[in-house]
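In: Need coordinates for the following:
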Amino acid sequence: MPFLHFNRPPTYALQNPDEPELFRQNFPYTKVGRVNFDDSFLVPRPAEPMFITDTTFRDGQQARPPYTVKQIATIYDYLHKLGGHSGLIRQSEFFLYSAKDRRAVETCLARDYAFPEVTGWIRANPDDLRLVKEMGLRETGMLTSVSDYHIYLKLKKDRQQAMDDYLAIVEKALEWGIVPRCHFEDITRADIDGFCVPFAIRLMELARQSGLPVKIRLCDTLGFGVPYPGAALPRSVAKIVRAFTDSAGVPGEWLEWHGHNDFHKVLVNASTAWLYGCSGANGTLLGFGERTGNAPLEALIFEYISLTGEDDAAVTEVISEIADYFVRELDYRIPPNYPFVGRDFNATSAGIHVDGLIKNEEIYNIFDTEKILARPIPIIITDKTGKAGVAYWINQHLELKGSERIDKRHPTVGKIAGHIARAYEKGRTTHFSNKEMKALVKRFMPELFPSEFDHLKAVAHTLAAKVIERLSSQCDIRGMETSAVERCMDDFLAEYPFIQYLYLIDTTGHIINSAVCNAEDRPKYTLFDYTTDFSDREWFTVPMRTGKLHVTDFYKSHFTGKLCLTVATPVDDENMEIQGILGADIRFEELLRRHEALIMEEEEENGDAHAR
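Out: Here you go, the predicted model:
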């Protein structure tokens, strides 16, 4: 005999009002939004499994200058190394609209990592879905806004029309074998029972019919979600999650939480979603994201470990590598006190000095940051620091290793320590910031810091090397045939006019061919002919001896008076035997002007090569 259930869940039907439900009791707009409570409390029911999904290349890229294809590939590698190896970082989503977007997807797919899986993001229309099919992706997110703010005020539709349109594109995705991930945009201002749950129920029906999952991302677009027990819908994160798992029958593994940090709750809301049954927490590296940003992915890593005790699910030291990459390669300034990756996040201003660090670092440190993040404790410079502390600061902050390390007995260390001591004797009461210390050390020990010119030199060396390698790989050059080499050189100089003089030298040090870029400079180079012996020049001897490309230091050209550098590389045959040396005298200033264009050319060539 069947049991009688008196506590049956209600039947949810779409409510389609003529006017939008804007929840003015919660969102008065001319006043700060209100949090309502309904005296209803839920017991946590943690998701099984819990995992992280990434939107660094989608939402994260909307908050900063676009990444290059190479940068995207590098960051994707870091994500795999950090948590993709275990499947903790399960997916990463990408735009598909531009040629560069698609090259980035192709490059990451070529890595053939199981995790993070490459997925797409599209608007809910057939043209966008066709891009997903063409790229061969197995899953895509699609924008399915659910609040009446979006449906009525933005899309100018009613709920029935919006649902019908959304379901049509979901059905098409399933027909093509693509897993749809419906992004329930603006969920915390939506009518959960009157629209979201009925919509989710229809999606689950389509999933059962097709045999494919239909996933749902719960998007807290304006950060209105709250983690408070007893809070009411539509702002309660816990009750939103349970509405989908319990009322709509959505498996927790098909749910993701995607939040924004408008009210400083982005991380705790994601953790709350985990605790109440939502498997996926969506975030970005360093919290980059539209407006106030998304849940920092590195923080989600630590939340996951804290909740599960699974220390091996992530290689946490990679977090520091990622931060260093953002600083070094992307020129991003991480706030010094930013958790886990800021320069001073694990420092203290409580007067710690070297002796205190040696005695017991646990007093001030959240955990063994050197082991877990490869980040030693930075020292705070105060009147108690002394020479040992100054030397410690210099070695740590300038990352000096081995013989480069500065000893506390270095005379200049004593001068810096004396300067600090005198500041406190004159009444200073605050510690020296890293910025002040850097300026102080730079003043007394300038030899430890690269100059702006050193940076420009490094850029010039890299660019020059890429240009000459491009030319040396061309078959016309490798053939060493005079007329073919001459044509190739002339064409190359027309494309790269910052090359002042281009020449191919045989293995005895004599010219086979040469070309001068500017017609007015050609008479000056008649000094060089086929009898001129270059076999004692550095740019010739080094590549001949090592078989490697060589870039000289800067010099002032005797012929043009321009600041130049020479780059030379071996030219070999099919048996990898050196047949000659290809050299180029390059004007430094003009090379730097072409910096950005050369990088773009390289990316386009890489993309074309991959396509082939």
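In: What degree of burial does P66 show, as a neighbour count?
Out: Number of residues near P66 (other C-beta atoms under 10 Å) recorded here: 15. From N, CA and C alone the C-beta is placed, and that goes for glycine too.
In: For the helix or strand A273 falls within, output the C-alpha coordinates as PDB.
Out: Take DSSP states H and E as the rule and A273 turns out to sit in helix 266-275. The C-alpha coordinates for helix 266-275 follow below in PDB (Å, rounded to 0.1, in the frame of the first residue of the first chain):
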ATOM      1  CA  VAL A 266      31.400  37.000  -3.700                       C
ATOM      2  CA  LEU A 267      33.500  34.400  -2.000                       C
ATOM      3  CA  VAL A 268      31.200  33.600   1.000                       C
ATOM      4  CA  ASN A 269      28.300  33.300  -1.400                       C
ATOM      5  CA  ALA A 270      30.100  30.800  -3.600                       C
ATOM      6  CA  SER A 271      31.000  28.800  -0.500                       C
ATOM      7  CA  THR A 272      27.400  28.900   0.700                       C
ATOM      8  CA  ALA A 273      26.300  27.600  -2.700                       C
ATOM      9  CA  TRP A 274      28.700  24.600  -2.200                       C
ATOM     10  CA  LEU A 275      27.400  24.000   1.300                       C
END
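In: Give me the helices and strands touching that helix, please.
Out: helix 237-242, strand 255-259, strand 280-284, strand 295-296, helix 297-308 (3 or more C-beta pairs under 8 Å, 6 or more residues apart in numbering; DSSP states H and E).
In: Redo the ones you listed as JSON lines? Include mean neighbour count.
Out: Listed next are those as JSON lines, based on neighbours: other C-beta atoms under 10 Å:
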{"stretch": "helix 237-242", "mean neighbour count": "24"}
{"stretch": "strand 255-259", "mean neighbour count": "28"}
{"stretch": "strand 280-284", "mean neighbour count": "28"}
{"stretch": "strand 295-296", "mean neighbour count": "28"}
{"stretch": "helix 297-308", "mean neighbour count": "20"}
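In: Just put the ones you listed in TSV and tack on mean pLDDT.
Out: As requested, the helices and strands packed on helix 266-275 are exported to TSV (pLDDT from 0 to 100):
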stretch	mean pLDDT
helix 237-242	98
strand 255-259	98
strand 280-284	98
strand 295-296	98
helix 297-308	98
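In: What are the boundaries of the strands in the stretch 451-600 of the chain?
Out: 499-506, 511-516, 550-551, 555-556, 563-572, 578-587 (DSSP state E, counting those that start in this stretch).
In: Among the ones you listed, which comes closest to I420?
Out: Among the strands of the stretch 451-600 of the chain, the nearest to I420 by C-beta to C-beta is strand 563-572 (40.2 Å).
In: Contacts made by the helix holding A273 with the rest, please.
Out: Helix 266-275 is contacted from outside by 44-47, 50, 218, 220, 223, 225-227, 237-238, 241, 255, 257, 259-260, 281-283, 287, 292-296, 299-300, 303-304, 307, using C-beta atoms under 8 Å, 6 or more residues apart in numbering.
In: what's the angle from that helix to strand 280-284?
Out: Counting by axes from the mean of the first three to the mean of the last three C-alpha atoms, to 10 degrees, helix 266-275 lies at 160 degrees to strand 280-284.
In: Distance of the residue nearest the centre of the chain relative to T308?
Out: Most central in the chain under C-alpha atoms, centre = their mean is I75, positioned 5.0 Å from the mean C-alpha point. Distance of I75 to T308, computed by C-beta to C-beta, to the nearest Å: 25 Å.
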